[in-house]
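Participant: Give me a model of this one.
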Amino acid sequence: STTNSYVLTVNANTGATNNYAATFLGGNVGIGTTSPKWLLNPFSATAAQLALSAGAGVGQWAFRNAGGNLYFATTTVAGTATTSTSALSIIGSTGRVGIGTSNPNAALDIAAETDHLGFSDMAGGMQWVQYLSGSDLHFYDTDIRLVLQAGGNVGIGTTTPANILTVSTSGNTRPAVSTT
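Facilitator: Predicted coordinates for the structure are as follows:
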């Protein structure tokens with residue numbers, strides 16, 4: 001005969017063998033598993049293992065561990081994903097972090113359709129934003145200030161630098177070079 005040390009087992013009542021909704025084993029709690037290894041061990045091979053909600057009628061944050069990778073995503077009120085990619089992904093084997101991508105190609109990979117990276121002051125006012133336009137890198141506040149083209153040209157005050165360094169000004173402002 002087999003002896004187990006279950007203190008309490010909650011059956012999902014689907015008729016399947018060993019279909020436990022929750023298992024309390026040796027001080028550990030397993031949800032969706034009969035062999036919890038940690039204090040709280042939610043398990044699912046296909047769905048988020050944990051979701052946080054602020055109450056009825058509010059979307060959730062869903063957390064999922066898949067193959068040693070950690071994914072954070074948002075959901076609708078009904079619990080369906082708001083996007084096909086995770087809001088934040090951490091790849092266990094490489095340590096890479098993806099924002100807006102589930103497959104980061106660098107230590108920190110930010111993927112977005114518009115602004116990629118913003119810097120703001122403590123009052124919340126956006127000061128500088130960086131984004132890619134094709135393969136060019138743009139920095140701007142209210143206007144584009146600096147462009148780094150994939151071919152190596154740099155533009156200050158212009159989005160189309162024709163030379164290695166192109167400076168464009170308006171009005172009576174003139175570029176100056178000084179040495180100290």
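Participant: so where is this structure shaky, pLDDT-wise?
Facilitator: Low-confidence regions of the chain, defined here as pLDDT under 70, cover residues 1-21, 84, 113-115, 121-122, 124-128, 172.
Participant: Which strands or helices does the helix or strand hosting F72 pack on?
Facilitator: Per DSSP states H and E, F72 falls inside strand 69-74. Packing partners of strand 69-74 (3 or more C-beta pairs under 8 Å, 6 or more residues apart in numbering; DSSP states H and E): strand 60-66, strand 88-90. To be clear about C-beta, it is placed using only N, CA and C from the backbone, and glycine gets the same treatment.
Participant: residues in contact with stretch 62-74?
Facilitator: Contacts to stretch 62-74, defined as C-beta atoms under 8 Å, 6 or more residues apart in numbering, come from residues 44, 47-52, 59-61, 75, 81-83, 86-93, 102.
Participant: Can I have the buried ones of the residues you listed as a ChimeraX selection?
Facilitator: Of these, the buried ones go into a single ChimeraX selection, burial set by 16 or more other C-beta atoms under 10 Å:
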select :48,49,51,59,60,61,75,86,87,88,89,90,91,102
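Participant: The helices and strands packed on strand 69-74 into JSON lines, with extra columns for distance to T33?
Facilitator: Below are the helices and strands packed on strand 69-74 laid out as JSON lines (distance: least, C-beta to C-beta, whole Å):
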{"stretch": "strand 60-66", "distance to T33": "13"}
{"stretch": "strand 88-90", "distance to T33": "22"}
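Participant: do you know which of the ones you listed lies nearest A162?
Facilitator: When the helices and strands packed on strand 69-74 are compared by C-beta to C-beta, strand 88-90 sits nearest A162, at 39.3 Å.
Participant: following that closest one, which helix or strand shows up next?
Facilitator: strand 97-99.
Participant: List the strands paired with that following strand, with their directions.
Facilitator: If you go by DSSP bridges, strand 97-99 pairs up with strand 88-90 (antiparallel), strand 108-110 (parallel).
Participant: could these be laid out in JSON lines, adding distance to T166?
Facilitator: JSON lines is the format used below for these (distance: least, C-beta to C-beta, whole Å):
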{"stretch": "strand 88-90", "distance to T166": "38"}
{"stretch": "strand 108-110", "distance to T166": "27"}
